[in-house]
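Participant: Prediction below, plus the sequence it came from.
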Protein chains: 2
Amino acid sequence: MSMTRRELTKLVTRLEAGVPLSPELYARTGNARILGITGPPGVGKSSLIDRLIDELRRQGKTVGVIVIDPTSPISGGALLGDRLRMQRHSDDDGVFIRSLATRHHHGGLTDATPQIIHALDAAGFDIVIVETVGTGQDEVEVAEVADTVVVVLMPELGDEIQRAKSGLMEIADVLVINKSDLMNAGAARQETRRPKQGQRWERPTLRTSAKTGDGITTLCHVADAHHAHLAASGQLAGRRERAARAEVIRLLQSRMTASILCALGASRPQTILSAVAKRKLDPYDAAQKLWVEILGSKNRSHKYVATNSR
Amino acid sequence: MSMTRRELTKLVTRLEAGVPLSPELYARTGNARILGITGPPGVGKSSLIDRLIDELRRQGKTVGVIVIDPTSPISGGALLGDRLRMQRHSDDDGVFIRSLATRHHHGGLTDATPQIIHALDAAGFDIVIVETVGTGQDEVEVAEVADTVVVVLMPELGDEIQRAKSGLMEIADVLVINKSDLMNAGAARQETRRPKQGQRWERPTLRTSAKTGDGITTLCHVADAHHAHLAASGQLAGRRERAARAEVIRLLQSRMTASILCALGASRPQTILSAVAKRKLDPYDAAQKLWVEILGSKNRSHKYVATNSR
């Protein structure tokens, strides 16, 4: 590690508060493998990651873990237990775990997530694991930052979760059926599909049990194979470009939202918003007036982008 | 109704495709009561709404329902069954139900949701019900559009859902414990807290069973009482202003994102993004360069809003 655990902890706290990573540290990124792990609530993602950490440490690899926690920090529960179990690695300098609350944030990642990934990458961790809850709505976001996306499911899932699955399938590079110890013997005997060599990645389906440890070694091998495939086929550079693009767009959107909220504080915009509430002006016309207001009417180089027309 | 069902169906389809509502129709809105119903998956929101429709129709009220469906349209399942059950009202001209898919949309509402609420409002429906799935992340959005927010829970909930609850609690005007038929006799005998008169609304907790119909009439009374409270205390105008503001901000954000994506297609922005992927330029500096690029360097009236500094 190029920085102490204490330095890294402080840095991550600053990044979480919105302070950008220095250009010097950013220049040292790009070496870690970013592994996204997502799936519906209750499939055992945290326990699986706990097992993965064990396996990766056995291989001598250092591991950073970012847990995106979509729930309130107020309440506790079983999940917190899993987090605590993961924290048993906290004496190990080769492991760094950080939980990020996303309360009142829409979507799967916090704005600081890419920056925190960069920090762990710059700090020298071999693997950075990003855990998100995939509900079928925000599943795309983890794919924006990860080289390899592992989607975790379990044998028995409720109907709503089953329906959310198809969204998750689109981003899965590796599919894991966890809690395979719950399966009946017939299902468990099914062949596990393994990836084949070639230009096109055929998504493998693995069975694991975080409880017994079954399948964890295979999962590590398959994740390695996927990364080797990305590097050999030239697709890794494409994924990294997509991640950079997504991160910059996210920053620009934050800046633009800040501009909007700042501009709306003035008296004329307030009058416009009030007219909308009173049904004297419709929301689209109000947006058009405010757009001119926010950008400044003298700016002819930037036209109102009308995505739709009546 | 001031328009035929066929006209309304066509209008909603146009709104869903992004065509704005006409100013004339918008001017006719503001009369419907907007009832938001949210809660975790599986608590029986759709069945509860089905019962609510029955009760409201008995009272002679017309009902529009907008179901925000966060899952893929590809797969089916139990939920679809609920939707179909709700559709048994489709022969009733006093009921209009529309399901909106939010696939790959981040957050609880689609961009068109406020516009579709306006359409049902302008069409003359007395009550517009908006159903969203509250996962603890996007629960806030339904509160942006609703006059009254009903949060639905059930007696037995998984741990992750229990943790999501506290986020939902913040926006609940009325709390409903559905599936109360599953409760043991002791719990069911508990007093139901009812709202008191006064300036401050004390959130009531009701027990309902969509299966037996128990508690549905009380829920309607309590929702009426909440609306009367909002009107009498002057808070209704505040909620409507907040909704107008949220809708206009959402429109401005969409326009800004469209501007960003449009601008990034040019060759200089592409070079900047490529430099980020290659770690030659950090994402914040890239965002700053692109900000100037997008807004036009001659525009001095609009400064870069730096929300944070290094």
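Facilitator: Great, that's in hand.

Participant: what about chain A, any weak spots by pLDDT?
Facilitator: A:1, A:70-85, A:102-108, A:135-139, A:157-166, A:184-199, A:296-310 (pLDDT under 70).

Participant: Mind jotting down where the strands sit in it?
Facilitator: A:33-39, A:63-69, A:95-101, A:127-133, A:148-153, A:174-177, A:205-207 (DSSP state E).

Participant: Can you say which of these is nearest to chain B?
Facilitator: Ranking the strands of chain A by proximity to chain B (CB to the nearest CB) places strand A:127-133 first, at 7.7 Å. To be clear about C-beta, it is placed using only N, CA and C from the backbone, and glycine gets the same treatment.

Participant: Give the pairing partners of that closest one; include direction for each.
Facilitator: strand A:33-39 (parallel), strand A:63-69 (parallel) (DSSP bridges).

Participant: Throw the ones you listed into a markdown table and include mean neighbour count, thanks.
Facilitator: Output for those, formatted as a markdown table (neighbours: other CB atoms under 10 Å in any protein chain shown):
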| stretch | mean neighbour count |
| --- | --- |
| strand A:33-39 | 26 |
| strand A:63-69 | 24 |
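
Participant: Specify the beta-bridge partners of A:V150.
Facilitator: Residues in beta-bridge contact with A:V150 (DSSP bridges): A:I37, A:V174.

Participant: how far away is it from A:V67?
Facilitator: 14 Å (CB to CB, to the nearest Å).

Participant: thought A:S47 was touching A:A210?
Facilitator: Yes - applying CB atoms under 8 Å as the test, A:S47 and A:A210 come out as touching, 3.6 Å apart.

Participant: more crowded one of the two?
Facilitator: Regarding A:S47 and A:A210, a neighbour count based on other CB atoms under 10 Å in any protein chain shown identifies A:A210 as having more, with 25 against 19.

Participant: Is the more buried one in contact with A:L52, as I believe?
Facilitator: No - counting by CB under 8 Å, A:A210 sits too far from A:L52 to count as a contact (9.0 Å).

Participant: Between these two, which contacts overlap?
Facilitator: Jointly contacting A:A210 and A:L52 under the rule CB atoms under 8 Å, 6 or more residues apart in numbering or on different chains are A:I216.

Participant: hang on, the earlier thing: report the set of residues contacting both of A:S47 and A:A210.
Facilitator: Residues touching both A:S47 and A:A210 (CB under 8 Å, 6+ apart): A:N178.

Participant: Ramachandran coordinates for the residue located most distally from the centre of chain A?
Facilitator: Using CA atoms, centre = their mean, the residue of chain A lying farthest from its centre is A:K280. It sits 42.3 Å away. Main-chain dihedrals, A:K280, degrees, to the nearest 10: phi -90, psi -20.

Participant: Of all the strands paired with strand A:127-133, which one comes closest to A:V222?
Facilitator: A:V222 lies closest, by CB to CB, to one member of these: strand A:33-39, at 11.2 Å.

Participant: How far does the closest one sit from its chain's centre?
Facilitator: Chain-centre distance of strand A:33-39: 7 Å, with CA atoms, centre = their mean, to the nearest Å.

Participant: same thing with stretch A:254-261?
Facilitator: 23 Å.

Participant: Same check on stretch A:226-239?
Facilitator: That offset, for stretch A:226-239, works out to 19 Å (CA atoms, centre = their mean).

Participant: First-to-last residue distance for it?
Facilitator: Across stretch A:226-239, the terminal residues are separated by 13 Å (CA to CA, to the nearest Å).

Participant: can it be found next to chain B?
Facilitator: Yes - applying CB under 8 Å from any CB of the partner chain, one finds stretch A:226-239 touching chain B at A:A237.

Participant: Which positions within that stretch qualify as buried?
Facilitator: A:226-227, A:229-230, A:236, A:239 (16 or more other CB atoms under 10 Å in any protein chain shown).

Participant: Please name the nearest non-neighbouring residue to the residue farthest from the centre of chain A.
Facilitator: By the measure of CB to CB, 6 or more residues apart in numbering or on different chains, the closest residue to A:K280 outside its immediate chain neighbours is B:A27, 7.7 Å from it.

Participant: Could you check how far A:A122 is from B:A287?
Facilitator: A:A122 sits 19 Å away from B:A287, going by CB to CB.

Participant: nope, A:L219 is what I meant
Facilitator: Here A:L219 is placed at a distance of 36 Å from B:A287 (CB to CB).
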